[in-house]
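Q: just the structure for this:
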Amino acid sequence: MHDLSNLGEGIDMKFKSKTLAVSFACLLVAASSAANGDSPTGRFMEVGGATRAPAGHVGFCAENPRECVTANRGAVVVKLNQGRWKELIAVNAEVNRQISPVTDLELFGVEEYWTFPSGGAGDCEEYVLEKQRVLQKRGWPQSALLITVVKDTNNAGHAVLTVRTDQGDIILDNQIEAVLPWYSTPYRFVKRQSSSHPARWAAISDHRVSTVASLSN
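A: Next up is the predicted model:
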């Protein structure tokens, strides 16, 4: 993907890690360090004003209006305990196993098309949409499950799922199998769904200097 509003260039699987998810205890330590200022990056992304939604998500909302409406929902941050942490790891691994990486061009004949996966294939958006759907069915609030656009290690557009918890923003991904705090990923975060309205998007200010991806290229 060259245009960040136009996800869908497929998945570079050579960066897919088989690293196990960090333990819940390690996450609590990292979150505590970030909260106390020991980390240069906070537990939560710095989200700014409204920005343009990705074209693929606009099309998805047009075809799936029920997924993109709000009933005056409040922005919920999930209280993360060990049980919920294990559930995130399990859902992330389960969906990653169920879907084979195939580009939109191969599947649908177009550069970008967001939809729920069918036939066991899809690109990064299909992984994200399915994880979002599975977690909602398990009782996780929609406002805490936000599709997020990043630049990956190849400086290409990529989609991940941000889970908003009291321990910080957690990332579910198909390129990296580990479930990680957002600041531990090698991505540059660009924008994500609004926590108050699923059809709206907000810009992310990612000031980290250690990230592998670069917006300057």
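Q: in three-state terms, label Glu112 for me.
A: Taking DSSP: H, G, I helix; E, B strand; the rest coil as the rule, one finds Glu112 in the coil state.
Q: surely it and Phe60 touch.
A: No. In this structure, Glu112 is not within contact of Phe60 by CB atoms under 8 Å, at 10.2 Å. Using the backbone N, CA and C atoms, a C-beta is placed for each residue, glycine as well.
Q: what about the helix or strand encompassing Gly83, distance to the chain center?
A: Using DSSP states H and E, Gly83 sits in helix 82-98. Centre-to-centre, helix 82-98 and its host chain are 14 Å apart (CA atoms, centre = their mean, to the nearest Å).
Q: now stretch 95-103
A: 15 Å.
Q: go through that stretch and flag the buried ones.
A: Using 16 or more other CB atoms under 10 Å as the test for burial, stretch 95-103 gives 95-96, 99, 101-103.
Q: if I look at the closest residue to Ser194 other than its chain neighbours, how far off is Glu177?
A: Distances taken as CB to CB, 6 or more residues apart in numbering place Arg200 nearest to Ser194, at 4.1 Å, with adjacent residues excluded. According to CB to CB, to the nearest Å, Arg200 and Glu177 sit 30 Å apart.
Q: those two - which one has more neighbours?
A: Relative neighbour count places Glu177 above the other of Arg200 and Glu177, with 19 against 14, counting by other CB atoms under 10 Å.
Q: that's a helix at Gly106, yeah?
A: No Gly there; residue 106 is Glu. Yes. Looking at Glu106 with three-state DSSP, it is inside a helix.
Q: show me where this protein has its helices.
A: 24-35, 55-63, 82-98, 104-108, 124-137 (DSSP state H).
Q: let me see the mean pLDDT of the last one.
A: To tie it back to what came earlier, the one meant is helix 124-137. The predicted model assigns helix 124-137 a mean pLDDT of 97.
Q: give me the contacts around it.
A: Helix 124-137 has contacts (CB atoms under 8 Å, 6 or more residues apart in numbering) with 7-8, 11, 56, 60, 87-88, 91-92, 94-96, 98-99, 114-117, 122, 142, 145, 147, 158-161, 163, 172, 174-175.
Q: low-confidence stretches in this protein?
A: Applying pLDDT under 70 to the chain picks out residues 1-22, 24-41, 71-73, 209-217.
Q: any chance you could map the strands in it?
A: Using DSSP state E, the strands assigned to the chain run over residues 46-51, 100-101, 121-122, 145-151, 157-165, 168-172, 180-181, 188-193, 201-205.
Q: the first one: which residues count as buried?
A: Using 16+ other CB under 10 Å as the test for burial, strand 46-51 gives 47, 51.
Q: what do you get for the fourth one?
A: Neighbour counts using 16+ other CB under 10 Å place 145-151 of strand 145-151 among the buried residues.
Q: can you tell me the closest non-neighbouring residue to Ser205?
A: Nearest one to Ser205, counting by CB to CB, 6+ apart, is Glu46 at 4.3 Å.
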